[in-house]
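Novice: below is the structure, and that's it, no one-letter string:
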């Protein structure tokens, strides 16, 4: 993971990176519409080099998006000093940004 070293810089970088991946997933959701099957979303982890996908239904993704500080990540893609797991599933985890990273996520949220 190529995050900067100070805790504050690391939190800001993690928040910005995850907001970027979330923006990509917003476009994915627009393209697939509201089907009943699984969709391959981009892992919204803080690792800027991660290119893994996470399988969710549109309803599951919408559930995560109800809170601008929540992100969907693959199991094992947690950054302990800037987020905590709020849902641990078999296919994906939902993490909640904390502190500085949460503020970045709130500012970057595209939804009203």
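Specialist: Noted; the coordinates are in hand. Everything numeric in this text was worked out from a predicted model, so none of it was measured.

Novice: can I assume residue 79 is in contact with residue 13?
Specialist: No: here residue 79 does not reach residue 13: they are 9.9 Å apart, not a contact under C-beta atoms under 8 Å. Any C-beta I mention is one placed from the backbone N, CA and C, and that applies to glycine too.

Novice: any low-confidence regions in the chain?
Specialist: Low-confidence segments of the chain (pLDDT under 70): 1-5, 7, 10, 33-35, 112.

Novice: mind listing the helices for it?
Specialist: Taking DSSP state H as the test, the helices found in the chain are 7-32, 58-65, 99-108.

Novice: please name whichever of the ones you listed is nearest to residue 38.
Specialist: Evaluated over the helices of the chain, closeness to residue 38 peaks at helix 58-65, with 8.7 Å, by C-beta to C-beta.

Novice: to residue 92, which of the helices of the chain lies closest?
Specialist: Closest among the helices of the chain, using C-beta to C-beta: helix 58-65, at 7.9 Å.

Novice: tilt between the closest one and helix 7-32?
Specialist: In terms of direction (axes from the mean of the first three to the mean of the last three C-alpha atoms, to 10 degrees), helix 58-65 departs from helix 7-32 by 150 degrees.

Novice: buried ones in helix 58-65, by neighbour count?
Specialist: Judged by neighbour count (16 or more other C-beta atoms under 10 Å), helix 58-65 contains these buried residues: 58, 60, 61, 64, 65.

Novice: residues contacting it, please?
Specialist: Identification of contacts with helix 58-65 by C-beta atoms under 8 Å, 6 or more residues apart in numbering yields 22, 25, 29, 32-35, 39, 41, 56, 70-72, 92, 94, 111.

Novice: one more pass at 10 Å, please.
Specialist: Residues from elsewhere that reach helix 58-65 (C-beta atoms under 10 Å, 6 or more residues apart in numbering): 22, 25-26, 28-29, 32-39, 41, 44, 54, 56-57, 70-73, 86-87, 89, 91-92, 94-95, 109-111.
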